[in-house]
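> sequence and predicted structure below; questions after.
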Amino acid sequence: MSSRPARSEPSDLCVERLSGLDAAEADWESLAERADNMFATREWLSTWWRHFGRGELRLLGCRRRDGSLAAIVPLYRSRLGPARVLRFLGHGPSDQLGPICDRADRAAVARALRRALREGLLGGWDLLLGEQLLGEQGWSTLLGGTVARRESSRVLRARGRSFEEVLASRSRNFRQQVRRRERKIVREHQLRYRLADDPARLQRDLTLLFELHAARWGQGESTAFSPERQAFHREFARLALASGWLRLWLAEVDGAPVAALYGFRFAGSELYYQSGRDPAWDRYAVGFVLLAHAVRAALEDGALEYRLLRGDEPYKRRFANYDPGLDTLVVGRGPAVRAAVTLIVR
């Protein structure tokens, strides 16, 4: 059940407060698919809210004149010092946030959000903190915000090309590394790639992922799979497997797991989320070999893009050919905005 829609201009969307994460269940998945964003699914954000949510939900629905839902703006309100802050659900574990809508509707959705903020539909607030908004979509301009941080988000855009065709467009050195490193393992050992697709075995496979990630990074060097985040991913991975989104690859050498890659397949794209490897096998570059296999398998299955997500690590630059970027922006006025920008950029 939702509140009465606020008045809007004839050419704009009607806006309304949604009562909870189940309020638009029938429309949520199709909107996330049109947004081309797995991190915008109700499954991801509902799981995030159960594990990390603090404060008060402030969900906004944007409807067309025919009553169809054009967008969901998944916000919640909390405090940053004395400031009342609106933030998008999912920050932290997510790699892309923002309004959930078709890209063609983003200007109208931005107008609707600005109107909702201006008219108090979302309650009292001092600033809107928009983290990991897709840079190429221009949300900072559309929302009139101050960009506090820009990050890379590398992508391999295959556009229907095969893996071999993609390799042919790269340097000779890169092509040789992709082929030579896998051949070396196969020549000297038994190599097997295994996709985690058995619900009964999933939690054990996730444990292998967490252990290999910890082995790669050492104690305290990565928070990607902290105990709190492990619990989140154990719950979400189960939902992702049931929905056909999960792509958890393991590389086994002589029957033992040596590398793991945790990703997702959604709306025609494949996403690389995190990985781990046994440092004892670093001379075989098992992490690189597994990533090359995952990219090859994705393109063979018809994926149009392989997204390497946040971060500008050298291996991501080697595989990718495009970077749409991610912006973290602040909308508001006065000292609260200046304090928020200072906190974000330091």
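Arrived safely, thanks for sending.
> contacts, neighbours, all on C-alpha from now
Fine.
> what mean pLDDT would you report for stretch 193-207?
Stretch 193-207 shows a mean pLDDT of 98.
> now do the strand or helix carrying V15, average pLDDT.
For V15, the host element (DSSP states H and E) is strand 14-18. For strand 14-18, mean pLDDT is 95.
> and it, how far from the chain's centre?
25 Å (CA atoms, centre = their mean, to the nearest Å).
> which other residues reach whichever helix or strand comes after that strand?
Proceeding N to C from strand 14-18, the next assigned helix or strand is helix 25-35, under DSSP H and E. Contact with helix 25-35 is made by 38, 40-42, 69-72, 100-103, 266-267, as judged by CA atoms under 8 Å, 6 or more residues apart in numbering.
> cool, and stretch 91-101?
With contact meaning CA under 8 Å, 6+ apart, stretch 91-101 is reached by 31-32, 34-35, 37, 39-40, 70-74, 88-90, 106, 109, 130-134, 224, 229, 309-310, 326.
> so the nearest residue to R194 once chain neighbours are set aside: helix, strand or coil?
Closest residue to R194 apart from its sequence neighbours, by CA to CA, 6 or more residues apart in numbering: L250 at 5.2 Å. Secondary structure assignment for L250 (DSSP: H, G, I helix; E, B strand; the rest coil): strand.
> pretty sure L250 sits against G263.
No: contact criterion CA atoms under 8 Å: L250 and G263 do not qualify, at 11.3 Å.
> give me the low-pLDDT residue ranges for the stretch 201-346 of the chain?
For the stretch 201-346 of the chain, applying pLDDT under 70 flags the ranges 219-220, 333-346.
> helices of that one, start to end?
Remark: helices assigned in the stretch 201-346 of the chain by DSSP state H, counting those that start in this stretch are 202-217, 227-243, 286-300, 314-319, 335-345.
> just the stretch 51-200 of the chain next, same as before
Assigned by DSSP H, counting those that start in this stretch, the helices in the stretch 51-200 of the chain fall at 106-119, 139-143, 163-168, 172-188.
> same list (those) but as JSON lines, adding mean pLDDT.
Conversion of those to JSON lines gives the following (pLDDT from 0 to 100):
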{"stretch": "helix 106-119", "mean pLDDT": "96"}
{"stretch": "helix 139-143", "mean pLDDT": "95"}
{"stretch": "helix 163-168", "mean pLDDT": "96"}
{"stretch": "helix 172-188", "mean pLDDT": "97"}
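> and for the residue nearest to R194, the neighbour number?
Using other CA atoms under 10 Å, the number of residues around L250 comes to 26.
> could you do the one 5 residues further on as well?
The burial metric for G255, expressed as a neighbour count using other CA under 10 Å, is 11.
> check contacts around it.
Contact analysis of G255 by CA under 8 Å, 6+ apart lists Q190, R192.
> distance of it from R192?
Plainly put, G255 is 8 Å away from R192 if you go by CA to CA, to the nearest Å.
> now D278
Counting by CA to CA - D278 and R192 are separated by 15 Å.
> pretty sure H189 is touching D254, no?
Yes: with contacts counted by CA under 8 Å, H189 reaches D254, the gap being 6.2 Å.
> quick revisit: the strand holding V15 to helix 106-119, inter-axis angle?
Orientation of strand 14-18 against helix 106-119 (axes from the mean of the first three to the mean of the last three CA atoms, to 10 degrees) gives an angle of 70 degrees.
> what sits against the residue nearest to R194?
Neighbouring residues of L250 by CA under 8 Å, 6+ apart: Y193, R194, L195, A196, P257, V258, A259, A260, L261, L290.
> R204 versus the fourth one, what's the distance?
When CA to CA is applied, the distance between A196 and R204 equals 10 Å.
> could you name the helices and strands sitting against the strand holding V15?
Using 3 or more CA pairs under 8 Å, 6 or more residues apart in numbering; DSSP states H and E, the elements in contact with strand 14-18 are strand 56-63, helix 106-119.
> what sits up against the longest one?
Spelled out, that is helix 106-119. When contacts are defined by CA under 8 Å, 6+ apart, helix 106-119 is touched by residues 12-15, 62, 71, 73, 99, 101, 122-123, 139, 142-143.
> among those, name the buried ones.
Neighbour-count burial (16 or more other CA atoms under 10 Å) applied to these gives D12, L13, C14, V15, C62, A71, V73, P99, C101, L122, W139, L143.
> can I get those in TSV with distance to R317?
TSV is the format used below for the buried ones among the contacts of helix 106-119 (distance: CA to CA, whole Å):
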residue	distance to R317
D12	40
L13	39
C14	42
V15	41
C62	37
A71	33
V73	32
P99	28
C101	29
L122	40
W139	25
L143	30
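> tell me which of these is nearest to L80?
L122 (17.1 Å; CA to CA).
> who's in contact with the closest one?
Here L122 is in contact with R17, R58, L60, A116 (CA under 8 Å, 6+ apart).
> taking those, tell me the two that lie furthest apart.
Greatest spatial distance in the contacts of L122: R58 and A116, 11.0 Å, computed using CA to CA.
> if I look at D323, how far off is G276?
Going from D323 to G276 by CA to CA gives 24 Å.
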